[in-house]
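Enquirer: give the three-dimensional model of this entry:
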Amino acid sequence: MELSEQDAAWPKRDNRRDSVKPATTTSARALARTASPTQTALAHETAPLDEKTRLSRAIGIARVICIMGIVYVHAWTGRNGQDLQLFNDTSQGLMRWALIDLMARSSVPLLSMISGWLVGPSFAKRGWQVFLKGKARTILLPMVLWNALAIFFVSGAAYLGLIYAPRPDTLWWTIDELFCLVTPNDINVQIPFLHDLFVCMLAVPLLVRLPSRVLIAVALGALAWSLVPVNPVPVLLQRPSILLFFIAGLLARRHHLAAWMASRPLVLVGAPYAVIATAKVWLEVVGVDRGYNDPLMLASIDLAMRCATAIFFWAIAWRLAASRVAAPLLRIEPYMFLMFCAHLIMIWLLGPLIGDHIFGPIGSPAYPLFLIGQPFMVLAATVGLGNLMMRAAPKATRLLSGGRLHASRL
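Expert: Alright, predicted model coming up:
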């Protein structure tokens, strides 16, 4: 079997584009050969944007938006699950729900689409052995290392009585927590995304060879799997919807939909988001209490909301890519993988220190300020940590950041 026609032709299309571009200076050509996509985009910020450059910028900006949103999902509240339910119908509880369910839930779908969009040419240029080794180094190994760090720091602090947090009580818990095998992580609850993403990468040699109609059928199977009340094979995929959105990204590249969708009028792209968001608000405030609580219906609306929000925020990222804010956003983009992996360790360790002593838990007058500011606090801590690590341990930094951070960025 061979690569699909679209994926196999990608390097050739790139070559044709490059062949018709006017000659540039020697320094610009050298930069294009050695710089990352983000650096290349920054180098051309004063030039008119072609589609390829704008897509590169939009992807970097979308990563920033998504991972900032993920921090909102995991933001410190100072309450356990049972106590937190008591605040669901308060103004602060509804504010937190809106940030998470109407905005931040788009993060994983959009990140999955981006991964699927990028994977075809990457696989075509490298071959399956080099490709999978690279993904093991940049996805699987950081996943295990960050889980180990989480157990050491967070569980260690719990053993010392400094915080209340999960602690290893069996060998199986430790193995499951390290490798994200069956159950969601108790500490790094975001990390199973990397497990599922790596599983999708393992399937890439097959997926890129399937015709589009078969890919759509696989995506529909993933959709059905994600809506079942119980996941029968969590060891394979803990969140089957990730496969659905990953395939959506593959198809978007094959059929040149990324730029086309993003460039539609924002009112048109945002209409599905507005409609489904209105339905979600009604269900949250009124509908569920009136008996509109069928699990399949709620799961379907939630999945539709995630899809609509992801497309809407992709359109926003596309517009930001051509704005003045693109440059500062792209400068912090290389830190985003480190932020994704480290943010819950920071929240476990520093959330109680800042929350209990300065802002107070949810329900306190100052808590909304803390809630809104947490992604920015975590970002500042991540940039500081990343710069310190690049100076003190550059090899470890490259490993823990999946190759995205290295001393040359300082």
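Enquirer: from now on I want contacts and neighbour counts done on CA atoms only, so please keep to that.
Expert: Will do.
Enquirer: tell me which residues touch Phe198, please.
Expert: Applying CA atoms under 8 Å, 6 or more residues apart in numbering to Phe198 gives the contacts 135-136, 139-140.
Enquirer: restrict these to the buried ones and give me that as a ChimeraX selection.
Expert: A single ChimeraX command selects the buried members of the contacts of Phe198 (16 or more other CA atoms under 10 Å):
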select :135,136,139,140
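Enquirer: for the contacts of Phe198, which two are the farthest from each other?
Expert: When CA to CA is used, the two most widely separated members of the contacts of Phe198 are Lys135 and Leu140, lying 6.9 Å apart.
Enquirer: confidence score at Thr24?
Expert: Looking at Thr24, its pLDDT is 37.
Enquirer: over to the one 3 residues further on?
Expert: pLDDT, the model's per-residue confidence, is 42 for Ser27.
Enquirer: before we move on, what about Ala41?
Expert: Note on Ala41: pLDDT of 46.
Enquirer: same thing with Gly127?
Expert: pLDDT, the model's per-residue confidence, is 83 for Gly127.
Enquirer: save the contacts of Phe198 as TSV, and put in secondary structure, pLDDT and distance to Leu296 too.
Expert: As requested, these are arranged in TSV below (DSSP: H, G, I helix; E, B strand; the rest coil; pLDDT from 0 to 100; distance: CA to CA, whole Å):
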residue	secondary structure	pLDDT	distance to Leu296
Lys135	helix	95	34
Ala136	helix	96	35
Ile139	helix	97	32
Leu140	helix	97	32
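Enquirer: make CSV out of the contacts of Phe198 and add distance to Leu194.
Expert: Output for the contacts of Phe198, formatted as CSV (distance: CA to CA, whole Å):
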residue, distance to Leu194
Lys135, 10
Ala136, 10
Ile139, 6
Leu140, 7
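Enquirer: can you pull the contacts of Thr138?
Expert: 399, 401-403.
Enquirer: the same query, at a cut-off of 7 Å, please.
Expert: By CA atoms under 7 Å, 6 or more residues apart in numbering, the contact set of Thr138 is 402-403.
Enquirer: do Leu385 as well
Expert: So Leu385 contacts nothing (CA under 7 Å, 6+ apart).
Enquirer: give me the distance between it and Leu405.
Expert: Separation of Leu385 from Leu405 (CA to CA, to the nearest Å) stands at 11 Å.
Enquirer: ditto for Met305
Expert: Distance, Met305 to Leu405, using CA to CA: 33 Å.
Enquirer: and for Thr382?
Expert: 12 Å.
Enquirer: next one: Asn88
Expert: The value you get for Asn88 to Leu405, if CA to CA is used, is 39 Å.
Enquirer: the more surrounded of those two?
Expert: Leu405 (25 against 16; other CA atoms under 10 Å).
Enquirer: not counting residues beside it along the chain, what's closest to that one?
Expert: Arg398 (5.4 Å; CA to CA, 6 or more residues apart in numbering).
Enquirer: which residues touch the one you found?
Expert: Contacts for Arg398 (CA under 7 Å, 6+ apart) come out as 404-406.
Enquirer: apply 10 Å and report the result again.
Expert: 138, 142, 338, 386, 389-390, 404-407 (CA atoms under 10 Å, 6 or more residues apart in numbering).
Enquirer: buried sites along the helix or strand hosting it?
Expert: In this assignment (DSSP states H and E), Arg398 forms part of helix 394-400. Neighbour-count burial for helix 394-400 flags 394-395, 397-400 (criterion: 16+ other CA under 10 Å).
Enquirer: CSV for these, including distance to Arg79 and pLDDT?
Expert: Output for these, formatted as CSV (distance: CA to CA, whole Å; pLDDT from 0 to 100):
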residue, distance to Arg79, pLDDT
Pro394, 38, 94
Lys395, 38, 94
Thr397, 33, 96
Arg398, 36, 95
Leu399, 34, 95
Leu400, 31, 96
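Enquirer: what's the closest of those residues to Leu227?
Expert: Ranked by distance to Leu227 (CA to CA), the buried residues of helix 394-400 are led by Leu400 at 33.5 Å.
Enquirer: distance of that closest one from Thr174?
Expert: Between Leu400 and Thr174 the distance is 20 Å, computed by CA to CA.
Enquirer: need the contact list for the residue nearest the centre of the chain.
Expert: What sits nearest the mean C-alpha location of the chain, by CA atoms, centre = their mean, is Leu111, with 4.1 Å. When contacts are counted by CA under 10 Å, 6+ apart, Leu111 is found next to 59, 62-63, 66-67, 117, 193, 197, 242, 245-246, 249, 310.
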